[in-house]
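**Q** Dropping the sequence and predicted coords here.
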Amino acid sequence: MLRFQKLSFKRGELFLSNVLQCGQAFRWIFHEKLGQYSSTLKIDGEFKILVLKQDQDDHIEYATVGNVEERALREFLHRYFRLEVDMSTLYREQWLPRDSRFEQKRPNGVRILGQDAWETLVSYICSSNNNISRITKMCHALCTEFGNSVGHYDGVDYFSFPTSHEIVARASEDALRTLGFGYRAKYIVATAHKMEKDRLNMSDSEYLESWKDHLQYEQVREKIMSFNGVGPKVADCVCLSGLRMDDVVPVDVHIARIAQRDYKFSARKQDIEELQREYKSLPITHKKVNYELDLIRSMFKQRWGDFAGWAQGIVFAQEVGKTTGANSDGTTYKRKLELDLVVKLEKDDVPFKRHYSEVETVAVSDGIKVEVTHEDVLTEETEYSVTGRPKRKATKNVGYEF
DNA sequence: AAACTTCCTAGCAG
DNA sequence: ACTGCTAGGAAGT
């Protein structure tokens, strides 16, 4: 039996269900019966099986399979979930004053994870032109095929995420293609080779992290983009989640659509030309960069400030609004969002709690569809908070239904 | 420089 | 059964 410990935080700062399987991390397994998430993570330099669960909005519970020193574990979790970042304050002091669209948004416990840099790089190479379901399968395949056995828990074997050395030694383009990586197979192999050659005596992640200390964002991105299969979007994801560069906004098709639709963005010719002059001196970036997308990136950075990447995470989660993840039986499902709302209507009303699921919804509030009856009219004064976990009932759909 | 096309694959609609 | 399309892009032309 696992011994679970509590890790507390300010109410609403973290909801595992909105963070672990929404396309940011790809290796968390959800155990239907236990209501737990598990994965292997490198804690204090060694991969361990970590189990998490949450049924309150002000703490999570954690346990490891096998011994990990308590202090190191808590430090790891604090760093992984970036608990030093206070989202409610950011929301109140940064995003809301700078962007009135945030009046219609809440953080909902969506956070940017501080992940292992090398794993982030490889995972996001897999993500190109791909859906979350398949990315998840690919990341798991990398570990089971080329990683090391870490242990066993609740009927599942766990493996480490392979180092560049292990990928070079154990994988090949052919093997990866057979595993379903498609044209990304050669990117993975080439990236692992380059990493193995460049990192010298450092570990993969130490090498990537070393750039952050003495280089500006533009140069760090440049370095990351020098890996095969890594363009601006993937590099920005590595900056944000792998290197904890909180102001970086990765611009994918969704964010580009939001910029145009909600922020009426359109690139001015003058701005594009200025940007081209700026990039002239950089050897790689100006070849891979899409100037329009890059202008969107800088627009959001300017608008949202030092934690623009986190604001992007909230906006993105609301836009996509679904989670997909692996189950302990090896299947990968798209989950439907399910939540409990604590609704306080008029000021003299007693708050009440009510369960909602996406299926039965009609009205939209905060990007969450809510069924509203005649007796509970949501107004601008309505206070609500979201608790609960994703519904475990699966659909086979891949795609967005909003 | 910018605007194409191609690259794997699974799932789904028509 | 078959085609066409799409899904957190990047590389090649």
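**A** Ah, there it is.
**Q** What segments of the stretch 151-300 of chain A are strands?
**A** For the stretch 151-300 of chain A, strands defined by DSSP state E, counting those that start in this stretch occupy the ranges A:156-159.
**Q** Output the below-cut-off pLDDT ranges for it.
**A** Counting by pLDDT under 70, the stretch 151-300 of chain A contains no low-confidence range.
**Q** rerun that using 80 as the cut-off
**A** A:281 (pLDDT under 80).
**Q** Might you name the residue of it sitting closest to DNA strand C?
**A** A:G231 (2.4 Å; CB to the nearest atom of the strand). C-beta: built from backbone N, CA, C; applies to glycine.
**Q** How many neighbouring residues does that residue have?
**A** When neighbours are defined as other CB atoms under 10 Å, A:G231 has 19 of them.
**Q** same question, the one 5 residues further on
**A** Residue crowding around A:D236 was assessed by other CB under 10 Å; the count is 26.
**Q** With adjacent residues omitted, what lies nearest to the residue of the stretch 151-300 of chain A closest to DNA strand C?
**A** In space, and not counting its chain neighbours, A:G231 is closest to A:K288: 4.9 Å by CB to CB, 6 or more residues apart in numbering.
**Q** Could you measure from the one you found over to A:A259?
**A** From A:K288 over to A:A259 the distance is 20 Å, taken as CB to CB, to the nearest Å.
**Q** Break down the stretch 201-350 of chain A into its helices, ranges please.
**A** Secondary structure of the stretch 201-350 of chain A (DSSP state H, counting those that start in this stretch): helices located at A:204-214, A:217-225, A:232-237, A:253-263, A:269-279, A:285-288, A:291-304, A:308-320.
**Q** Now distance to A:D116 too, for the ones you listed, in TSV please.
**A** Putting those into TSV (distance: least, CB to CB, whole Å) gives the following:
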stretch	distance to A:D116
helix A:204-214	5
helix A:217-225	14
helix A:232-237	13
helix A:253-263	24
helix A:269-279	30
helix A:285-288	24
helix A:291-304	24
helix A:308-320	17
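**Q** Between A:K288 and A:A259, which is the more surrounded one?
**A** Ranked by neighbour count (other CB under 10 Å), A:K288 and A:A259 place A:A259 first, with 23 against 15.
**Q** residues contacting the closest residue to that one other than its chain neighbours?
**A** Of all residues not flanking A:A259 in the chain, A:F265 sits nearest, at 4.0 Å (CB to CB, 6+ apart). Residues near A:F265 by CB atoms under 8 Å, 6 or more residues apart in numbering: A:A259, A:L295, A:I296, A:M299.
**Q** what about the second one, neighbour count?
**A** Going back to what we said before, that points to A:L295. Counted with other CB under 10 Å, A:L295 comes out at 20.
**Q** so it sits right up against A:D271, yeah?
**A** Yes. Between A:L295 and A:D271 there is a contact under CB atoms under 8 Å: 5.7 Å.
**Q** Check which helix or strand A:T64 maps to.
**A** strand A:59-65 (DSSP states H and E).
**Q** Residues in contact with whichever helix or strand comes after that strand: which ones?
**A** Using DSSP H and E, the helix or strand that follows strand A:59-65 towards the C-terminus is helix A:70-80. For helix A:70-80, the external contacting residues (CB under 8 Å, 6+ apart) are A:Q5, A:L7, A:L41, A:I43, A:D44, A:Y62, A:T64, A:L83, A:E84, A:L113, A:G114, A:Q115.
**Q** now, which of those residues sits nearest DNA strand B?
**A** Distances from DNA strand B to the contacts of helix A:70-80, taken by CB to the nearest atom of the strand, are shortest for A:Q115, at 23.4 Å.
**Q** which non-adjacent residue is nearest that closest one?
**A** A:S241 is the one closest to A:Q115 (CB to CB, 6+ apart), at 5.0 Å.
**Q** Please tell me I have it right and the one you found contacts A:E119.
**A** No. Using CB under 8 Å as the test, A:S241 is too far from A:E119 to be in contact (9.8 Å).
**Q** what's around the residue lying closest to A:T144 once chain neighbours are set aside, how many residues?
**A** For A:T144, ignoring the flanking residues on the chain, the nearest one in space by CB to CB, 6+ apart is A:F159 at 5.3 Å. Residues near A:F159, counting by other CB under 10 Å, number 19.
**Q** Pull the contacting residues for the closest residue to DNA strand B within the stretch 51-200 of chain A.
**A** Nearest residue of the stretch 51-200 of chain A to DNA strand B: A:G182, at 2.6 Å (CB to the nearest atom of the strand). Under the criterion of CB under 8 Å, 6+ apart, A:G182 has no contact partners.
**Q** before we move on, what about A:S39?
**A** Going by CB under 8 Å, 6+ apart, the list of residues near A:S39 reads A:A25, A:R27, A:W28, A:I29, A:I49, A:L50, A:Y158.
**Q** Can you tell me which of these is closest to A:I132?
**A** Nearest to A:I132 among the contacts of A:S39: A:A25, at 10.7 Å, using CB to CB.
**Q** Kindly report the residues of chain A close to DNA strand C.
**A** For chain A, the residues in contact with DNA strand C (CB under 7 Å from any atom of the strand) are A:22-24, A:127-132, A:183, A:187, A:225, A:228-235, A:237, A:250, A:252-254, A:288, A:316, A:320, A:398-400.
**Q** Swap in 6 Å and give it another go.
**A** Contacts of chain A with DNA strand C, taken as CB under 6 Å from any atom of the strand, map to A:22-24, A:127-129, A:131-132, A:228-234, A:252-254, A:288, A:320, A:399.
**Q** PyMOL command to pick out the buried ones of those?
**A** With 16 or more other CB atoms under 10 Å as the burial test, the buried ones among the residues of chain A next to DNA strand C are selected in PyMOL as follows:
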select buried, chain A and resi 22+23+24+127+128+132+228+229+230+231+232+233+234+252+320
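**Q** so A:Q36 sits right up against A:Q54, yeah?
**A** No. In this structure A:Q36 lies outside contact range of A:Q54 using CB under 8 Å: 9.2 Å.
**Q** Contacts only, for A:D271.
**A** Applying CB under 8 Å, 6+ apart to A:D271 gives the contacts A:L295.
**Q** Now A:I112: which helix or strand?
**A** Applying DSSP H and E, one finds A:I112 in no helix or strand.
**Q** Look at it and report its pLDDT.
**A** Looking at A:I112, its pLDDT stands at 97.
**Q** residue contacts, it?
**A** A:Q24, A:R82, A:V85, A:L240, A:S241, A:D246, A:G309, A:W310, A:G313 are the contacts of A:I112 under CB under 8 Å, 6+ apart.
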